[in-house]
Structure formats: C-alpha cells, structure tokens
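> the sequence and its predicted three-dimensional model are supplied below.
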Amino acid sequence: MLRQFEHWLKINASCPFLYNANHLTESIVIDIDNEKYIARFTAWDDGSCFSEVILIETGVYIMDKIENYVGLDGLVDLFHIFLEHCDSRYITSQ
C-alpha cells in the first residue's frame with residue numbers, strides 16, 4: 001500500500017517525503033514547514049497514520065490525530081485533510 005502511495009505522491013504532489021523501511025515496519029513521512037505551520041504526516045504499513053500541524057505563531061496544535069485508512073483512496077483522503085490544515089499548494093492534481 002505504501003509503495004502505491006509513494007507512486008501517487010510522485011505524480012500528484014510536490015512535497016518531499018521519506019520512505020522508511022526496517023525489519024519491523026515501513027512508513028512514509030512528509031514534513032512541511034512554512035512561515036505559518038510546522039507539520040508532519042506519517043503513514044505506516046499497518047493502515048494507520050498520524051497527522052500533526054502546529055501553528056508557529058502560538059505553538060498550538062491545530063491538528064493532532066491518529067487515524068486508520070483502508071486502501072490507497074482512504075490514505076489519499078486523509079492526506080488531503082492534512083494538507084487543508086497546513087498547505088494545499090503541494091497537491092498538483094486531485
């Protein structure tokens with residue numbers, strides 16, 4: 001599943017990401033920081049993901065969520081919600 005998401009990111013998003021793999025698990029981590037937000041989206045191969053977005057000006061979390069996804073469409077949907085909270089310019093197509 002994560003390899004499919006990696007492929008989707010390469011085609012549809014312009015944000016940098018890191019694919020991590022070891023003998024226990026695999027994950028994709030996307031870090032976004034700009035003048036307004038510090039944000040991280042992490043998806044694991046067990047069908048879970050973590051989204052966090054911090055407003056720099058106040059240090060307040062505006063998103064701090066662990067969720068489960070089913071399939072590529074579910075993961076993409078959660079990624080879009082994450083970007084709506086921090087910076088949607090990274091999506092080049094829907």
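Arrived safely.
> for the chain, what are the low-confidence residue spans?
Residue ranges of the chain with pLDDT under 70: 87-94.
> all strands of it, in order?
For the chain, strands defined by DSSP state E occupy the ranges 18-21, 26-33, 37-44, 48-55, 60-68.
> and the second one, what's buried?
Within strand 26-33, the residues that qualify as buried are 26-28, 30, 32, counting by 16 or more other CB atoms under 10 Å. Where C-beta positions appear, they are placed from N, C-alpha and C, glycine not excepted.
> let me have these in a markdown table, adding distance to residue 66 as columns.
Shown next, in a markdown table, are the buried residues of strand 26-33 (distance: CB to CB, whole Å):
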| residue | distance to residue 66 |
| --- | --- |
| 26 | 17 |
| 27 | 13 |
| 28 | 15 |
| 30 | 16 |
| 32 | 18 |
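> follow-up on the earlier one: could the strands of the chain be laid out in a markdown table, adding distance to residue 86?
Formatted as a markdown table, the strands of the chain follow (distance: least, CB to CB, whole Å):
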| stretch | distance to residue 86 |
| --- | --- |
| strand 18-21 | 17 |
| strand 26-33 | 5 |
| strand 37-44 | 4 |
| strand 48-55 | 5 |
| strand 60-68 | 8 |
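> compare those strands and report which one is nearest to residue 9.
strand 26-33 (7.5 Å; CB to CB).
> which other helices and strands does that closest one contact?
Applying 3 or more CB pairs under 8 Å, 6 or more residues apart in numbering; DSSP states H and E, we find strand 26-33 packed against helix 2-12, strand 18-21, strand 37-44.
> just say which of those is most tucked in.
Of the helices and strands packed on strand 26-33, the one with the most neighbours on average (mean count of other CB atoms under 10 Å) is strand 37-44, at a mean of 20.
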